[in-house]
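1. the following block contains a protein sequence and its predicted model.
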Amino acid sequence: MKIAVFPGSFDPLTLGHTDIIDRALPLFDKIILAIGTNSSKKYMFSLEERLHFLKETYKDEAKILVETYSGLTVDYCKTKDSEFILRGLRNAQDLEFEKAIGQTNYKMAGIETIFLISSSGLAHISSTVVRDVMRHGGSYEFMVPEVVKT
Ligand code: ADP
């Protein structure tokens, strides 16, 4: 059984995230959407809200499981019998950053990271931009799934 962990903050979930998740579905038997809890990080949305965004969006998708975790992503993967980490790439900065983490994770734990490149027209979307637009009262609706708009 091919199980992938898609780790992220999802603060909030965006159409950039759902693009990667939807396109990865045919590649794996199960995808665990895993919200990493980092106590030193400040979030705009509570853990409960971020869980709700993911659970509601994928409530009809049998292959998807939504969980939270703390600690190293590779340790979490082991507890879930997952041999793959799924990550999205928007641009060269993402690549450089993810490259080091992916190589480290492979050396540490033999876990492969599978990268999908943003679909055309979605690479500009990030949770950071969505949060900034929200804070300043701009229209962010075109960047997020239904559940984040309500
Ligand atoms: P993290 O804090 O771990 O980066 P994020 O929620 O920001 O968590 O991102 C989770 C994953 O989703 C990352 O692999 C990120 O590159 C990917 N991602 C976010 N937005 C996009 C997008 N527009 N296109 C492709 N991948 C994306």
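-> Received the coordinates, thanks. Numbers count the residues shown, from 1 in each chain.

2. Phe115 sits in which helix or strand?
-> strand 112-117 (DSSP states H and E).

3. and that strand, how far from the chain's centre?
-> In terms of CA atoms, centre = their mean, to the nearest Å, the centre of strand 112-117 is set 12 Å apart from its chain centre.

4. does it come close to the ligand?
-> No - using CB under 6 Å from any ligand atom, strand 112-117 stays clear of the ligand, with a minimum separation of 7.1 Å. (C-beta placed from N, C-alpha, C; glycine too.)

5. all further residue positions should be reported with the first residue as 15.
-> Okay, using 15 as the starting number, the last item reads as strand 126-131.

6. buried residues in that strand?
-> Across strand 126-131, burial judged by 16 or more other CB atoms under 10 Å covers Thr127, Ile131.

7. repeat for stretch 53-61
-> For stretch 53-61, by 16+ other CB under 10 Å, it's Tyr57, Met58, Phe59.

8. turn those residues into a markdown table, columns for pLDDT, secondary structure and distance to Ser134.
-> Output for the buried residues of stretch 53-61, formatted as a markdown table (pLDDT from 0 to 100; DSSP: H, G, I helix; E, B strand; the rest coil; distance: CB to CB, whole Å):
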| residue | pLDDT | secondary structure | distance to Ser134 |
| --- | --- | --- | --- |
| Tyr57 | 94 | coil | 30 |
| Met58 | 96 | coil | 28 |
| Phe59 | 97 | coil | 28 |
